[in-house]
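J.: Fold the following.
(chains A and B)
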Amino acid sequence: MLILSLKNITAGYAKAVVLEDMNLDINEGECHAVLGPNGSGKSTLLKVITGSVFPAKGSIFFLGNEITGRKTFEIARMGVSLSPENRRLFPDLSVKENLEIAMVYESTKSKKNSMEFVFEIFPRLKERITQKAGTMSGGEQQMLAIGRAIMLNPKVLLLDEPSMGLAHVIKEQIFEGINKIRSTGKTILIVEQDATMVMPIADKISIFEHGKIKWEGNPKDLTKDNSIRNAYLGI
Amino acid sequence: MIANLLINGAVNASIYALIALGFSLTFGVAGIVNLYHGAYYMVGAYLAYFFISIGIPAFFSVILSLLSVMLIGVFLMKYPILYLQRKGESIYILILTLGSAYFTQYLFKLVFGTSHYSIKPFYDQSMLLLGEIIPGSRIFAFFVSVVSIVIVMFFINKTKFGKLILATSQDKYAAQLLGVNTSLIFIVTSALSAGLSGLAGIVISPFLSINLGMWLPTLIKAFSIVILGGLGSIWGSILAAIFMAYLEQFVALVWTSSMTEVVFLVIVFLFLVFKPTGFMGKKVA
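T.: Presented below is the predicted three-dimensional model:
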């Protein structure tokens, strides 16, 4: 079933067009990865979906309803959650408080359940529960950013470059966590530069270049297609 | 003499802290420098006077006045400020809020004239402390200010809505991604700020005069205190309010009270040049 669908999206900043006539479909339960170099429109794609960049043309549908032009907080409440670029944690709040913001008005019980789920995925966060988010290491902050996004119990989880700026061993921990989230059947749209991390967990891959989709398919086909791999992924 | 200075300093510090707290909140949460902040103080005082003068009991007059001031806070934030903020030009907000303050002054001149007014003390039991007689109205102002500050601090740090305010102040975009309606947070913060400034205007009315010129020095003090304390730092503002109140007493003692604002602004200038983060402000990355 189609959960998220972009139709003929053109978007950008001022006069710079970043996404051009883009069509993208995300199926329920899939882990869909978007790969591509810097400036190919990957992050803009996520900003358009979450309503912080309005497309100049085109429409976005979530579970069959048009969400184009909706406010960011409304889209979040509908069940689209983004772990943003640069993590954007609340630095002076503790790990627990960061996690709870999304659920302040929920019951204590559902808060506890969601938090238990986050701690199952990233046990490190439980050890850091009272620590201020701003004082943690980069890897821990990334875990918290993803954990905070799943606290909303979203229907689609969007991840913007979760491996950015992290050491290889930390990247592996992060992707292990993402794989655990995926195994619960959650729909994930992940934007990455590090193809080696994403390939093993993705069900479908789209490769962006200059705001357009250059290639789309499953990871197996990509391993066979040497020209695409060499040209866009450097692996 | 010294006792008098100490006591008056403490009373003024509490009132300045009350005013600066609101100014600091609006800046810290919404990133907005609201030059209407002194006008809330003036509107609070005039409306309390007005409601009392038409025969409404003092307590209800105060409530009505506070609600009206908060409504102005809601309106200003909800329509023009949020609109201008989306346009992305903070200079527009400065012009709008300063212009609105002058407009309010003009409007009050038409309605109330240029006379000075005063209202009867809400509490009139004077007290003897350190050999000085302190009027009841000042004691009342001190306690109302301190209690209000404590309540607001509790509200922000301990309640659910307060947590949303804190989160929004630290990262508005991240809060939106988690489903927080940040415009609503801004509006509530603005109402709260307006109410605090209005309350300060009401509690000082029994011992300072209500007049058309009262808003500008108040705005300058709030502005100085918040910069001195460190923009957006609530504890810094409270510390700076105490410092400024005693400095004011000192300036009045050794020089003249009419130079207070000048001294304040000179200190602000020195801080901006040599320690722009103030007492407790953080460096912005």
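J.: hey, where'd the helices end up in chain A?
T.: A:42-49, A:72-78, A:95-100, A:108-121, A:123-127, A:138-151, A:168-183, A:195-198, A:219-224, A:226-228 (DSSP state H).
J.: my bad, the stretch 151-285 of chain B
T.: All helices of the stretch 151-285 of chain B, identified by DSSP state H, counting those that start in this stretch, fall at B:160-170, B:172-177, B:182-204, B:215-229, B:234-254, B:260-274.
J.: Outside of the first one itself, list whatever touches it.
T.: Taking CB atoms under 8 Å, 6 or more residues apart in numbering or on different chains as the criterion, the residues outside helix B:160-170 that touch it are A:90-93, A:97, A:100-101, A:104-105, B:28-29, B:155-157, B:174-175, B:178, B:180, B:182, B:185-186, B:188-189, B:232. For every residue, glycine as well, the C-beta is placed using N, CA and C.
J.: Using a markdown table, lay out the helices of chain A together with distance to chain B, mean neighbour count and mean pLDDT.
T.: Output for the helices of chain A, formatted as a markdown table (distance: least, CB to the nearest CB, whole Å; neighbours: other CB atoms under 10 Å in any protein chain shown; pLDDT from 0 to 100):
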| stretch | distance to chain B | mean neighbour count | mean pLDDT |
| --- | --- | --- | --- |
| helix A:42-49 | 10 | 24 | 96 |
| helix A:72-78 | 4 | 20 | 96 |
| helix A:95-100 | 6 | 22 | 96 |
| helix A:108-121 | 11 | 15 | 94 |
| helix A:123-127 | 16 | 16 | 97 |
| helix A:138-151 | 7 | 23 | 97 |
| helix A:168-183 | 17 | 17 | 97 |
| helix A:195-198 | 22 | 20 | 92 |
| helix A:219-224 | 28 | 14 | 86 |
| helix A:226-228 | 32 | 11 | 79 |
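J.: closest one to B:Met1 among those?
T.: helix A:95-100 (48.8 Å; CB to CB).
J.: Convert the C-alpha atoms of the closest one to PDB, please.
T.: What follows is helix A:95-100, C-alpha atoms only, in PDB (Å, rounded to 0.1, in the frame of the first residue of the first chain):
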ATOM      1  CA  VAL A  95      17.500  12.700  27.500                       C
ATOM      2  CA  LYS A  96      14.300  11.900  29.200                       C
ATOM      3  CA  GLU A  97      12.800  15.400  28.700                       C
ATOM      4  CA  ASN A  98      13.900  15.400  25.000                       C
ATOM      5  CA  LEU A  99      12.000  12.100  24.500                       C
ATOM      6  CA  GLU A 100       9.000  13.300  26.400                       C
END
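J.: what sits against the residue nearest the centre of chain A?
T.: Nearest to the geometric centre of chain A sits A:Leu159, at 1.5 Å (CA atoms, centre = their mean). Residues near A:Leu159 by CB under 8 Å, 6+ apart: A:Leu82, A:Ser83, A:Ile146, A:Ala149, A:Ile178, A:Ile188, A:Leu189, A:Ile190, A:Val191.
J.: hang on, the earlier thing: nearest to B:Ile56 among the helices of chain A would be which one?
T.: Judging the helices of chain A by CB to CB, what sits closest to B:Ile56 is helix A:72-78, at 40.1 Å.
J.: quick one: contacts of the closest one?
T.: Contacts for helix A:72-78 (CB under 8 Å, 6+ apart): A:49-52, A:62, A:67, A:70, A:82, A:152, A:154-155, B:173, B:175-182.
J.: Also stretch A:5-17?
T.: A:18-26, A:44-45, A:48-49, A:53-62, A:211.
J.: buried subset of those residues?
T.: Buried subset of the contacts of stretch A:5-17 (neighbour count, 16 or more other CB atoms under 10 Å in any protein chain shown): A:18-20, A:22, A:24-26, A:44-45, A:48-49, A:53, A:55, A:58, A:60-62, A:211.
J.: And the longest helix seen in chain B, what does it pack against?
T.: In chain B, with assignment by DSSP H, the single longest helix is helix B:2-30. Helix B:2-30 sits against helix B:37-53, strand B:132-134, helix B:136-158, helix B:160-170, helix B:182-204, helix B:215-229, helix B:234-254, with contacts defined as 3 or more CB pairs under 8 Å, 6 or more residues apart in numbering or on different chains; DSSP states H and E.
J.: Report the buried residues of the second one.
T.: Of the residues in strand B:132-134, those buried by neighbour count under the rule 16+ other CB under 10 Å are B:Glu132, B:Ile134.
J.: other SSEs contacting that strand?
T.: Right, strand B:132-134 is packed against helix B:2-30, strand B:127-129 by 3+ CB pairs under 8 Å, 6+ apart.
J.: Indicate which one of the ones you listed is closest to A:Ile174.
T.: With CB to CB as the yardstick, what comes closest out of these is helix B:2-30 (31.8 Å).
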